[in-house]
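Participant: Kindly return the folded structure for what I paste below:
(one chain, ligands or ions: 1)
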Amino acid sequence: MSSKAKFQAIRGTRDLLPPETALWNRVEQTAHEVFRTFGFGEIRPPIFEPTELFARAVGGETDIVSKEMYTFVDEMQGLPDPANFDISPEQYVDAVQDAIKSGEIHSNNQTFQAVSRLTGQLELYRERVNIGAKEEAELKFRVVASQIKFGESISLRPEATASVCRAYIEHNMQQLPQPVKLYYMGPMFRRERPQKGRYRQFYQIGAEVLEAVRPDAGRDAAKELAKDATVDAEVIEMLMTFFDRLQLEGAELSINSIGHAAENCRRGYVEKLRGELNKVKDKLGADSQRRIETNPLRVLDSKLEHEQGIIAKLSKIADHLCDDCKTHYAELKRQLDLRGVKYIENWRLVRGLDYYMRTTFEITARGLGSQNAVCGGGRYDGLVELLGGPPTKGIGFAIGEDRLILSLQEAGKGSVAEGRDVYIAWLGANAYATAIRAAKSLRSAGFSVELPPTEQKFGKALERASKLGARFALILGDNEISSGEWALKALGTGEQIKIAEANLLAYLREHQ
Ligand code: HAM
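Facilitator: Predicted structure coming up:
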C-alpha cells in the first residue's frame, strides 16, 4: 500500500461539486439577468491587489485588514544576484535603480526603505574600500545586499469594493456617463475561524454605483441629497428583486444611517459614545474595551449576551445626525416605501468596514444559524478620493453567495433538475455511427445526452440510464437502424414508443 499522505482541501476552503454547482450557476445566472435589467455591467477585477489598497480602503484597524488578510511579499524576479562576483556592488545598485525606473520593481514605501538600506551599504562599502579593505568590504556588501528583498506586499482580496474603486480611477471612468454601475462575482479570502456559513475562501456577488461629484453639486444641496437617497433605494430594490426571483424566503432588510465624518454628526456622536462607554468599561468584554479606543461604533455590533443590556442604554446615532444626513435618511425611507421595499430600522447596524457613511444595510436570511447576514452594504462617498481619485460618490453591496445557497437549500429551494435528458443505449457498429449523429443533434438542440463509450446489453444500459436519472433512453440496435424506427423509452413510466429520427426533437420538446 502506498504510504503517501492524502491531500485535503485547506481548512476553510472546499470543493463545490455537482449537483450543487448547478444551483450556484442558477444563482449567478439570475444575478446576471436581474442586474442587467437595472443597467449594470460586469467587472472582473484581479484576485490579488496591493495590501495597501485594502488597508487604506477597508481600514487598518478593522478585523479584516489587521487579522484576516492573506498577505505575502511578491518578490521581484530577474534582478542580478548580488552574491555573484561578476558584477560589482555599483553595478548591482544601478540594476536595482533601473528596475525601479522601468517599473519592474514597484516603487512604494517598502521599496524606498529597501533602496535606502542598499545605498547605505554601498556607502559603507566605499568607505571600507578607501581604507584599503576592498575584499572584506565587498564580501560584507554582498551578504547584506542578498538579504534586502525588493518586492510588493500583496493580499488576496478580502472584498471587492476597494478593487472596483481602484479600477474606476485607473480607467478614468469619471469620463463615462455617470453614474457607473458595476457588478462582480467571485471568490474572496478572509482568515476567519471556519464554521457553518463562514469560510476562508468564500464567494460574493456584489454591485457598486460610482458617480463623480459634479462641480455644481453644492448649488442645490437638498436636491442632491434626495438624488443620492434615490440611488441607494434603487440599489436596495435591485437586491430585493434578486432575492425575490430566487424565492429566498424570510429575507429581512435592516437599514441605518451612520451619518458622515463631521463634528456636528458622526464624529461628535462617536466622542459621546466613547465617553458613555468609558463609564461602563469594567462591565464590557476585552474586545469591546479595546474598541472604545479604536472604534467605539463597533461596540454596537457586539453579540455578547452580557453586553446587550448596557448597549441598549447608549445614545443612538439617529439623535445626533446633522440636518443633511437626517434629510438623506428620511428620503431613503420614503423612496423604499415608494418601491414597496420592506425594512426594519436598526440603530446598531454600523458594519465592520471603515468606508461607510450615511446609508448602511444588511439582509439576514433563514436557516443560517449565527452567521445569518447574507448581504451587507452601504454608501461610501469619498472612498475613491481616499484612494487618490477625483471626488466621487459610491453605494453598493455584497451578497455572501455561500450563505445564500445554504439558505436556499435549507428552504428546499436548492434542487435543480439533475440527470440527463437522454441516455443512448446502442448495440453494434452500425448503431454506434447513428448514435453519434443522434447525440450531436440532440446536444445542439440543448438536450443533455449520455452516449456510453462502449456497447452494453440493453438491460445493463437501461439500468445505468436509470441510475443517472435519465428521463428517456433512446434504443438503437440493428433493427432500429434498418427500419428507421427508433425506440424511445420513458424511464419514469416505462412506456416505449417507436419514433422516426425526424420526429425525435419535436417529441422530446413536447415532453420536457
Ligand atoms: P461584508 O459585510 O464584509 O461587506 O461582506 C458581505 C457579505 O459577505 C456578508 O454579509 C456575508 O454574507 C459574506 N461573507 C463575509 N465574510 C464571509 C465568510 N468568511 N464566509 C462566508 N461569507 C462571508 C463587504 O464585503 C463589502 N465590500 C460590501 C459592500 C459593497 N459595501 C459596499 N459595496
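
Participant: Which residues of this structure lie near the ligand?
Facilitator: Near the ligand, the residues belonging to the chain are 159, 161, 190, 192, 197-199, 202, 204, 206, 208, 353, 373-378, 396-398, 400, 402-403 when assessed by Cβ under 6 Å from any ligand atom. Backbone N, C-alpha and C define where each C-beta goes, glycine included.

Participant: Just the residues you listed: which are in strands?
Facilitator: Secondary structure assignment by DSSP state E places 202, 204, 206, 208, 373-378, 396-398, 400 of the residues of the chain next to the ligand in strands.

Participant: In terms of distance to residue 326, which of those ranks first?
Facilitator: When those are ranked by distance to residue 326 (Cβ to Cβ), residue 378 comes first, at 16.8 Å.

Participant: if I read this right, the closest one contacts residue 360, doesn't it?
Facilitator: Yes: taking contacts as Cβ atoms under 8 Å, residue 378 lies within contact range of residue 360: 3.9 Å.

Participant: Which residue does this structure have closest to the ligand?
Facilitator: Shortest the chain-to-the ligand distance, computed as Cβ to the nearest ligand atom: residue-wise this is residue 400, at 2.1 Å.

Participant: and that residue, bridged to which residues?
Facilitator: In this structure, residue 400 has the following beta-bridge partners (DSSP bridges): residue 204.

Participant: Okay, helices next: where are they in the stretch 301-450 of the chain?
Facilitator: Taking DSSP state H, counting those that start in this stretch as the criterion, the stretch 301-450 of the chain carries its helices at 308-312, 323-338, 383-386, 401-410, 429-444.

Participant: could I get the ones you listed as TSV with mean neighbour count and mean pLDDT?
Facilitator: As requested, these are arranged in TSV below (neighbours: other Cβ atoms under 10 Å; pLDDT from 0 to 100):
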stretch	mean neighbour count	mean pLDDT
helix 308-312	13	94
helix 323-338	18	97
helix 383-386	21	98
helix 401-410	22	96
helix 429-444	16	96
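
Participant: could those helices be laid out in a markdown table, adding distance to residue 450?
Facilitator: As requested, the helices of the stretch 301-450 of the chain are exported to a markdown table (distance: least, Cβ to Cβ, whole Å):
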| stretch | distance to residue 450 |
| --- | --- |
| helix 308-312 | 57 |
| helix 323-338 | 49 |
| helix 383-386 | 51 |
| helix 401-410 | 26 |
| helix 429-444 | 9 |
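
Participant: Residue 268 is nearest to which of those?
Facilitator: helix 323-338 (11.7 Å).

Participant: Next, the angle strand 373-379 makes with that closest one.
Facilitator: Between helix 323-338 and strand 373-379, the angle formed by their directions is 130 degrees, by axes from the mean of the first three to the mean of the last three Cα atoms, to 10 degrees.

Participant: count of residues packed around residue 243?
Facilitator: When counting by other Cβ atoms under 10 Å, one arrives at 23 neighbours for residue 243.

Participant: That one in helix, strand or coil?
Facilitator: Using DSSP: H, G, I helix; E, B strand; the rest coil, the structure places residue 243 in helix.

Participant: OK, contacts around the residue nearest the centre of the chain?
Facilitator: The centre of the chain sits closest to residue 204, judged by Cα atoms, centre = their mean, with a distance of 3.4 Å. Contact partners of residue 204, counting by Cβ atoms under 8 Å, 6 or more residues apart in numbering, are 159, 160, 184, 185, 186, 188, 398, 399, 400, 401.

Participant: pLDDT value on it, please?
Facilitator: The confidence metric pLDDT takes the value 98 at residue 204.

Participant: ok, how many other residues are close to the closest residue to residue 31 other than its chain neighbours?
Facilitator: Closest residue to residue 31 in three dimensions, ignoring its sequence neighbours and counting by Cβ to Cβ, 6 or more residues apart in numbering: residue 205, at 5.0 Å. Here the number of neighbours of residue 205 (other Cβ under 10 Å) works out to 23.

Participant: just residue 354 next, same as before
Facilitator: The local packing of residue 354 (other Cβ under 10 Å) involves 20 other residues.

Participant: Hmm, residue 59 and it touching each other?
Facilitator: Yes: at 3.0 Å, residue 354 and residue 59 qualify as touching, with contact defined as Cβ under 8 Å.

Participant: Alright, I will stop here.
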